[in-house]
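Novice: When you get a sec, could you give me coordinates for this:
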Amino acid sequence: MTSSSSHINKREYLFRRLALLTVITIYLVILAGGIVRSTGSGMGCPDWPKCFGSWVPPTDVSQLPPNYQEVYGAKLKGEIEFNAVKTWIEYVNRLLGAFSGLLVFSLLVVSIPYLRKDKRVFYGSLLSFILIGLNGWLGSRVVATELAPYLVTLHMLLAILVVFALLYVMAVSYTGHLAIETGRRKKTVVNRVLIWALVLSLLQVLIGTQVREAIDEVVQRIGYSERERWIDSLDYTFYVHRSFSLIIFAFQLAVLYQLRNYSTGKGILFRLTNALVALVVIEILTGLLLAYFAVPAAAQPVHLTLAIIILGLQFTALLLLNADQLLKNQAVSLPNYSKV
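Specialist: Numbering: from 1, shown residues only. Next comes the predicted model:
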């Protein structure tokens, strides 16, 4: 191997590792956002981009001006007393968001050499950068509108699009470097079942956002201290969301069955599908925990993050299943892993 090709391989290896780190960080941002919502810390910092007018938020009420209640009271939604825990929960969420933005920008810079080899990697990285910038701006609008429900939902959907764009870039850059099992028959049926599972899972997430917004309305009426009454106060949307989880589970089992009939070995697609079945089961269990144990705050962000992870793995499985299409612009052929 020449020094030039070795340099290229190291550069591509760096890109793939940075892409993986960026995806993990985005998921941490989503988890942090879930913690913000479950703890009611969305207005822990009532202004943006600063927090209580400072780049480093206060840790004690003595660090605020004497008239802070008059200045920020209208935005604190009745919680006039300063709460350092909620303030720092929101602030850490913002820091993670800023860090993820730096990672996506770094990924864009590192992807520039791919303009010669595979432009999809560069343009996918560029799209990720645009989307995360748009989502950062949308986060400021969420604060400005005092947590308008439709903006909170849109904020999350954009985060999902960022994940999808990054996973696409990862799949393209990793294809040819992964052991992807081959198929013994046409993959048309597997593709269709997997696409349906992805679409239905996304629909379930959207229904879940409606349930979350309904809970927010209930909280405004009866308060955070009445968690045991939250579920009983919800409308039919909650019951649709709960029942729909069984359909998601059934489709995931169908994906597993179809993939086992398709694959000639037990490679990465097989492992991804097994992981998806396990995650859907855990997701259902966390949903039951929320429904029957007074919506514990710790379970809410886990439930949301698991849902986004499931979407990401489904999308990744779909991309890898069609790895031959991802390689169409690359000057390499798909290796045979029939014995994997």
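Novice: Just checking, which helix or strand succeeds the host helix or strand of residue 287 along the chain?
Specialist: Under the criterion of DSSP states H and E, residue 287 resides in helix 268-292. Helices and strands here follow DSSP H and E; after helix 268-292, the next one along the chain is helix 299-321.
Novice: just checking, what packs against that next one?
Specialist: helix 3-38, helix 149-174, helix 188-222, helix 268-292 (3 or more C-beta pairs under 8 Å, 6 or more residues apart in numbering; DSSP states H and E). In short, each C-beta sits where N, CA and C put it, glycine included.
Novice: ok now the third one, how far from the chain's centre?
Specialist: So that's helix 188-222. Distance, stretch centre to chain centre, for helix 188-222: 13 Å (C-alpha atoms, centre = their mean, to the nearest Å).
Novice: Just the buried positions in it, please.
Specialist: Buried residues in helix 188-222, counted by 16 or more other C-beta atoms under 10 Å: 190, 193-194, 197-198, 200-202, 204-205, 207-212, 214-215, 218-219.
Novice: Give the residue spans of the stretch 201-340 of the chain that score low on pLDDT.
Specialist: Scanning the stretch 201-340 of the chain for pLDDT under 70 picks out 326-340.
Novice: returning to what we had before: can I get the helices and strands packed on helix 299-321 in a markdown table including distance to residue 258?
Specialist: Converted to a markdown table, the helices and strands packed on helix 299-321 look like this (distance: least, C-beta to C-beta, whole Å):
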| stretch | distance to residue 258 |
| --- | --- |
| helix 3-38 | 26 |
| helix 149-174 | 20 |
| helix 188-222 | 5 |
| helix 268-292 | 9 |
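Novice: do you know which of the ones you listed lies nearest residue 111?
Specialist: Of all those, it is helix 3-38 that lies closest to residue 111, at 6.4 Å by C-beta to C-beta.
Novice: related to what we said a few turns ago, which elements pack onto the helix holding residue 287?
Specialist: Using 3+ C-beta pairs under 8 Å, 6+ apart, the elements in contact with helix 268-292 are helix 236-262, helix 299-321.
Novice: Would you mind finding the most buried of the ones you listed?
Specialist: Sort those by mean neighbour count, taking mean count of other C-beta atoms under 10 Å, and helix 299-321 sits at the top with a mean of 21.
Novice: who's in contact with the residue lying closest to residue 131 once chain neighbours are set aside?
Specialist: Once flanking residues are discounted, residue 131 sits nearest to residue 162: 4.8 Å by C-beta to C-beta, 6 or more residues apart in numbering. Counting by C-beta atoms under 8 Å, 6 or more residues apart in numbering, residue 162 touches 26, 104, 128, 131-132, 135.
Novice: hmm, try it at 7 Å
Specialist: Contacts for residue 162 were tallied using C-beta atoms under 7 Å, 6 or more residues apart in numbering; they are 26, 128, 131-132, 135.
Novice: Can you tell me which of the residues you listed are buried?
Specialist: Buried members of the contacts of residue 162, scored by 16+ other C-beta under 10 Å, are 26, 128, 131-132, 135.
Novice: Looking at those residues, which are in helices?
Specialist: Counted as lying in helices by DSSP state H, out of those, are 26, 128, 131-132, 135.
Novice: from these, which has minimum pLDDT?
Specialist: Least confident of those in the model: residue 135, at 85.
Novice: these two touch, right, it and residue 155?
Specialist: Yes - counting by C-beta atoms under 7 Å, residue 135 touches residue 155, with 6.4 Å between them.
Novice: burial measure for the closest residue to residue 134 other than its chain neighbours, as a count.
Specialist: In this structure, residue 134 finds its nearest non-sequential neighbour in residue 158, 6.4 Å apart by C-beta to C-beta, 6+ apart. Look at residue 158: counted by other C-beta atoms under 10 Å, it has 18 neighbours.
Novice: contacting residues around residue 158?
Specialist: By C-beta under 7 Å, 6+ apart, the contact set of residue 158 is 131, 134-135, 138.
Novice: Please report how far it lies from residue 298.
Specialist: Note on residue 158: its distance to residue 298, by C-beta to C-beta, to the nearest Å, is 26 Å.
Novice: Residue 325 now?
Specialist: According to C-beta to C-beta, residue 325 and residue 298 sit 41 Å apart.
Novice: Same check on residue 251?
Specialist: Separation of residue 251 from residue 298 (C-beta to C-beta): 28 Å.
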